[in-house]
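**Q** structure for the following, please:
(one chain, ligands or ions: 1)
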Amino acid sequence: MSDDPTPPLDAMSLRLAAANALIRRRRTIKPAEMTEKPVEPRHLASILENANWAPTHGLTEPWRFFVFTGDGRQRLADYCQSLYRRLTPETEFRQDKFDKLGSQPLLAPVVIAIAMKRQEIEKIPELEEIESVACAVHNMHLTASALGMAAFWATPPLVYHDEMRSWLGLTDPRDKCLGLFYLGWPKSEEWPEGRRGDLAAKIVHLPK
Ligand SMILES: Cc1cc2nc3c(=O)[nH]c(=O)nc-3n(C[C@H](O)[C@H](O)[C@H](O)COP(=O)(O)O)c2cc1C
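**A** As a prediction, this is how the structure comes out:
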C-alpha cells in the first residue's frame, strides 16, 4: 500500500496535466544549442506524421515539407547565402547574417523547409492556408519537445522570396515557403525556461 494520502487523478485530469505540460514546456532551442547526434528516422516520422494531423479548412492539407539532412544541408546553406548576396544591396549587406545563413543549417542534423501549397481553385482564403501550415509546424514543435528534442522555426526574410519557393521545386507562384524548421538534440541537460506576458491584458470579456 502506498503512503500517499492524496486520491488518484482521474483520466481527464491526467490528460489535461499532460497537455498543459506539453504546451507550456515546448521551447525554441536554436541550432547553436544542438548537438551533432542524429535524428532517428522513427522520431522524424512521428514529428512529420503529427504535422499531417493539423486542422485544415476544407481539408486542403496545404503543408509541404522539404527535409534536408547530411550533404543536403550544405546545399541549402550555399543556396541561402547566394540568395542573400543577390537580394541584398551592397550597403545593407551584413557579413554576420551571411555567415549565419551558411553555418546554421550545418549545426542541426535535420532542417525542414516549410511550405504552403496553394489550393488550385483558391476556395479557401490564402491566410487560412498559411494558418493551417502554422498549426502543422506547431504540431511538429510540440512533438519534438515531447521527445526532448531541440527545435527552432526560423524565418529569415529570404525564405519568403519567390526564388526560394521555386528552388524548393514549388512551381506555382502562389505557393510559399514559410521558413526553416531546425531539428536536433539539445546540448544542455537543462530545459530552457519560457516567458510570457500577462494573459489578462490580451483578453476582452464581452459584454462589459
Ligand atoms: C512564425 C514564427 C517565426 C519565427 N521566426 C523566428 C526567427 O526568424 N528568428 C528567431 O530568432 N525566432 C523566430 N521564431 C521563434 C520565436 O523567437 C520563439 O517562438 C519565441 O522566442 C518564444 O520562445 P518559445 O518558442 O521557446 O516559446 C519564430 C516563431 C514563429 C512562430
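**Q** now for P7, how many residues are close by?
**A** 6 (other CB atoms under 10 Å). In this view, the C-beta of every residue, glycine as well, is placed from N, C-alpha and C.
**Q** helix/strand/coil for it?
**A** coil (DSSP: H, G, I helix; E, B strand; the rest coil).
**Q** backbone dihedrals for it, please?
**A** Dihedral angles of P7 (phi, psi; degrees, to the nearest 10) stand at phi -70, psi 150.
**Q** hang on, P62 packs against I114?
**A** No - counting by CB atoms under 8 Å, P62 does not reach I114; the two are 10.8 Å apart.
**Q** between these two, what contacts are shared?
**A** V133 (CB atoms under 8 Å, 6 or more residues apart in numbering).
**Q** now the longest helix that the chain contains, how far from the centre of its chain.
**A** Counting residues, the longest helix found in the chain (DSSP state H) is helix 126-146. Remark: helix 126-146 is offset 7 Å from the chain centroid, using CA atoms, centre = their mean, to the nearest Å.
**Q** which is the next helix or strand following it?
**A** Downstream of helix 126-146, the first helix or strand assigned by DSSP states H and E is strand 150-154.
**Q** between that next one and helix 126-146, how big is the angle?
**A** 160 degrees (axes from the mean of the first three to the mean of the last three CA atoms, to 10 degrees).
**Q** show me what strand 150-154 is packed against.
**A** Strand 150-154 makes packing contacts with helix 126-146, strand 176-184 when contacts are defined by 3 or more CB pairs under 8 Å, 6 or more residues apart in numbering; DSSP states H and E.
**Q** will you turn these into JSON lines that also has mean pLDDT?
**A** Shown next, in JSON lines, are the helices and strands packed on strand 150-154 (pLDDT from 0 to 100):
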{"stretch": "helix 126-146", "mean pLDDT": "98"}
{"stretch": "strand 176-184", "mean pLDDT": "98"}
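**Q** now, of those, which is deepest in the fold?
**A** Among the helices and strands packed on strand 150-154, strand 176-184 has the highest mean neighbour count (mean count of other CB atoms under 10 Å), at a mean of 24.
**Q** hang on, the earlier thing: can you list the residues that contact the longest helix of the chain?
**A** For helix 126-146, contacts defined as CB under 8 Å, 6+ apart pick out 22-23, 25-27, 46-48, 50-57, 60-63, 112, 114-116, 118-119, 150-151, 153, 174, 176, 178-179, 181, 183.
**Q** so which residues of this protein form helices?
**A** Secondary structure of the chain (DSSP H): helices located at 11-25, 41-51, 71-87, 95-107, 126-146, 162-167.
**Q** most tightly surrounded among those?
**A** Greatest average neighbour count among the helices of the chain goes to helix 126-146 (a mean of 19), per mean count of other CB under 10 Å.
**Q** now do it against helix 11-25, angle only.
**A** Regarding helix 126-146 and helix 11-25, their directions subtend 100 degrees when assessed with the same axes, to 10 degrees.
**Q** show me what from this protein comes close to the ligand.
**A** R27, T28, W153, A154, T155, G179, G194 (CB under 6 Å from any ligand atom).
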